[in-house]
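In: Need coordinates for the following:
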Amino acid sequence: MATAYLIRKFYRGLRVMYFGMARRYSHAVTTFKFHLNGVKFNKDFVGYGIPILDVNMEGQFSIGKKFWFNSGKYHAMGGRQQQCYFVVAKGAELSIGDYVGCTSVAFICHDKIKIGNHVKIGINTVIYDTDFHSLYAEARNDIPERLDGLRTKPVIIKDGAFIGGHTTILKGVTIGKNSIVGAGSVVFQSIPDEQIWAGNPAVYVRDTYKMELETCSR
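Out: Okay, here's the model as predicted:
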């Protein structure tokens, strides 16, 4: 038993060393990738794992202070983890505010995605501001496929919002200040400030202040 305990302790020590080194390596490689993609960022970000970036030469991607992210299967192990994807098309604008945290997310920006300050975005969440394909069958089924009728609309996530893991946020959505989106939701309509929404499709659950009152009364 003593030998098994020592082996486990040694193994845990190796893990601590590995993740300490991984953090420094991730920061160096991610900084290089940010520069290659023309990202405006602060050097105080914390990254675990390497994100995937594809920023068009005519697109814009900016990141505020104290950004942190987990990217890849060995970081923030919550199931379905992947690398973070930050994709910005020609003429599009992706902006992330101060003190934002996210895990294994995909932000696909063809128009505009704006994330405010102090926003938390759970594992495997995806944000799409585009339909990707035309809504007209004749254009969509043509060879080569035409983009007639392809629609894009900005996505805005206001300060203090909390997005639960495995959520899908679709084009044209605004999520209000300090609002909460339950895990696994599909959001295709805007959410007012200080509300909780959940489900597929996401629907109103209650106001956040009611949750605070219930917690205080216990």
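In: now for whichever strand or helix holds Leu14, which elements pack on it?
Out: Assigned by DSSP states H and E, Leu14 belongs to helix 2-36. If contacts are counted by 3 or more CB pairs under 8 Å, 6 or more residues apart in numbering; DSSP states H and E, helix 2-36 sits against strand 46-48, strand 52-55. Using the backbone N, CA and C atoms, a C-beta is placed for each residue, glycine as well.
In: Just the buried residues of the first one, please?
Out: The reference is to strand 46-48. Gly47, Tyr48 (16 or more other CB atoms under 10 Å).
In: Can you give the distance of it from its chain's centre?
Out: 14 Å (CA atoms, centre = their mean, to the nearest Å).
In: Looking at Lys210 now. What's its pLDDT?
Out: At Lys210, the model reports a pLDDT of 68.
In: cool, Asn117 as well?
Out: 98.
In: wait, it sits on Ile96?
Out: No: with contact defined as CB atoms under 8 Å, Asn117 does not count as touching Ile96 (9.4 Å).
In: Need the residues touching each of these two.
Out: Taking CB atoms under 8 Å, 6 or more residues apart in numbering as the criterion, Asn117 and Ile96 both touch Gly64.
In: quick one: which of the two has more around it?
Out: Ranked by neighbour count (other CB atoms under 10 Å), Asn117 and Ile96 place Ile96 first, with 25 against 16.
In: quick one, phi psi at Ile108?
Out: The phi/psi pair for Ile108 (degrees, to the nearest 10) reads phi -110, psi 110.
In: Hmm, Ala92 and it touching each other?
Out: No: the pair Ile108 / Ala92 is not scored as a contact, 9.4 Å apart, by CB under 8 Å.
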